[in-house]
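A.B. asks: With the input below, show me the fold.
(one chain, ligands or ions: 1)
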Amino acid sequence: MREREKPAESGRTADIPGGGKEQGQKNMDGQKNIMDYETVALDEREPAVVIIDQTRLPGRTELISLKSAKEIWDAIYLLKVRGAPAIGVAAAFGIYVLSEKIRTEDYDAFLAEFQKQKAYLDSARPTAVNLSWALNRMERVVLKNAGRSVTEIRVLLKREAVAIRDEDVRVCRAIGEYGLALVRPGDGILTHCNAGKLATVKYGTATAPIYLGQERGYHFRVFADETRPLLQGARLTAYELQSSGVDVTLICDNMSAAVMKNGWVNAVFVGCDRVAANGDAANKIGTSVVAAVAACYGVPVYVCAPTSTIDMDTATGGEIHIEQRPAEEVTEMWYRERMAPEGVKVFNPAFDVTDHTLIAGIVTEYGVARAPYTASLKEIFRKKAAERPD
Ligand code: MRU
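C.D. replies: Now for the predicted structure:
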């Protein structure tokens, strides 16, 4: 297990049980709803990245303000902001905020410091490709504008980070439309981990069809896996779906076979952190168990993936770097007292790879890719290139 420095204390901007001061509107009944907060926002005045501290949900809604490289790195590493797209947006805002602190107007000196900060942020979590995808996109702005002043480049960096945030809303909505076409009103849907609003900017990826269905009266029955060890399903997915009025039932990770055997699940929708060119998909640990069980009961598994999560430079899932996390997450976190013998060996990979043969479709913002994925994913990127030649 790798030794870590003590996390930096990030600035807390609000500490409100079940609600927040600086973001979030009141509902008709005066209650604030988690869905009214921005998962990741830019405070332009400071400047700072403002996030909901997801480690405190659902008990407390705390907004924290991240200004230094260490605060941003820690927030990503400690899963205060998590979920592949949200990590990408936080990194984009983060590198912009840091660029404002680089005290030079000399392009070469600025670029060198920018790349140092970029490499540091990129090291926070290895599996979600959106982290390096967003940082590379921000770096391209600096490289493409070498002839401009550093002051102008900072303005362009802010614009790019805001574009990454805004695109995420459009992309997730498009995924929602394509995903919704795969299910019928009244269907049972199982999801794992949190690929919801809290993992993105607005709709989520795996939850986007659920939210669009909710708007259109589909009355889905959703089963949310609690998702050991960090309980993103229980703490985040169940919370945001329930707050949105969706019919959601929380189950332990070892109950997916029971609900599928009962015939309660018509489709599985999950998110992902990196899809390889052959369609193998890395997502939260346990996803591949769900997929294997679903195959057993003939339930289709759909992986919802913005093209920013598809890594055509990674040939197969075997090449995906799987993050290992501290043993304490398994042995004691969330328990009143330690629940495993001292010194026991622990294996705690944060993700697993679901084999492409277990995936019925990869739902992107450009349509649903089907097997063989090596060809269909290339077609998805051809469509993207035709629409966005840059
Ligand atoms: O470790 P986490 O909580 O960041 O893992 C998140 C997931 O595995 C999500 O399913 C994935 O990032 C997709 S989010 C739209």
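A.B. asks: Could you use CA atoms for every contact and neighbour count after this?
C.D. replies: Noted.
A.B. asks: need the helices for the chain, in chain order.
C.D. replies: Counting by DSSP state H, one finds helices in the chain at the ranges 69-77, 84-100, 107-122, 129-144, 150-180, 208-215, 232, 238-243, 256-261, 287-297, 328-331, 373-387.
A.B. asks: Out of those helices, flag the one nearest the ligand.
C.D. replies: helix 84-100 (3.8 Å; C-alpha to the nearest ligand atom).
A.B. asks: Convert that closest one to PDB, retaining C-alpha atoms only.
C.D. replies: Extracted C-alpha coordinates of helix 84-100, given in PDB (Å, rounded to 0.1, in the frame of the first residue of the first chain):
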ATOM      1  CA  ALA A  84     -15.200   9.800 -14.400                       C
ATOM      2  CA  PRO A  85     -16.900  12.800 -16.000                       C
ATOM      3  CA  ALA A  86     -17.000  14.800 -12.800                       C
ATOM      4  CA  ILE A  87     -13.300  14.100 -12.200                       C
ATOM      5  CA  GLY A  88     -12.600  15.400 -15.800                       C
ATOM      6  CA  VAL A  89     -14.600  18.600 -15.100                       C
ATOM      7  CA  ALA A  90     -12.900  19.100 -11.700                       C
ATOM      8  CA  ALA A  91      -9.500  18.600 -13.300                       C
ATOM      9  CA  ALA A  92     -10.300  21.100 -16.100                       C
ATOM     10  CA  PHE A  93     -11.400  23.800 -13.700                       C
ATOM     11  CA  GLY A  94      -8.500  22.800 -11.400                       C
ATOM     12  CA  ILE A  95      -5.800  23.300 -13.900                       C
ATOM     13  CA  TYR A  96      -7.400  26.600 -15.000                       C
ATOM     14  CA  VAL A  97      -7.400  27.800 -11.300                       C
ATOM     15  CA  LEU A  98      -3.700  26.800 -11.000                       C
ATOM     16  CA  SER A  99      -2.900  28.600 -14.300                       C
ATOM     17  CA  GLU A 100      -4.100  31.800 -12.700                       C
END
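A.B. asks: quick revisit: format the helices of the chain as TSV; extra columns: distance to T55, mean neighbour count and mean pLDDT.
C.D. replies: Formatted as TSV, these follow (distance: least, C-alpha to C-alpha, whole Å; neighbours: other C-alpha atoms under 10 Å; pLDDT from 0 to 100):
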stretch	distance to T55	mean neighbour count	mean pLDDT
helix 69-77	10	22	98
helix 84-100	14	28	98
helix 107-122	20	17	98
helix 129-144	19	20	98
helix 150-180	22	20	98
helix 208-215	22	22	98
helix 232	9	27	98
helix 238-243	13	20	98
helix 256-261	25	17	98
helix 287-297	21	20	98
helix 328-331	12	17	96
helix 373-387	34	16	97
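A.B. asks: now the ones you listed as a markdown table including distance to the ligand?
C.D. replies: Formatted as a markdown table, the helices of the chain follow (distance: least, C-alpha to the nearest ligand atom, whole Å):
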| stretch | distance to the ligand |
| --- | --- |
| helix 69-77 | 8 |
| helix 84-100 | 4 |
| helix 107-122 | 14 |
| helix 129-144 | 9 |
| helix 150-180 | 9 |
| helix 208-215 | 10 |
| helix 232 | 6 |
| helix 238-243 | 14 |
| helix 256-261 | 17 |
| helix 287-297 | 8 |
| helix 328-331 | 12 |
| helix 373-387 | 18 |
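A.B. asks: center of this structure, which residue is that?
C.D. replies: Residue closest to the mean C-alpha point of the chain, counted by C-alpha atoms, centre = their mean, is G83 at 1.9 Å.
A.B. asks: is it true that that one touches V201?
C.D. replies: No. Contact between G83 and V201 fails when scored by C-alpha atoms under 8 Å: they sit 10.2 Å apart.
A.B. asks: if I look at V97, how far off is L78?
C.D. replies: For V97, the distance to L78 (C-alpha to C-alpha, to the nearest Å) stands at 20 Å.
A.B. asks: I meant to write M333 there.
C.D. replies: 13 Å.
A.B. asks: which of the two has more neighbours?
C.D. replies: Ranked by neighbour count (other C-alpha atoms under 10 Å), M333 and L78 place L78 first, with 17 against 14.
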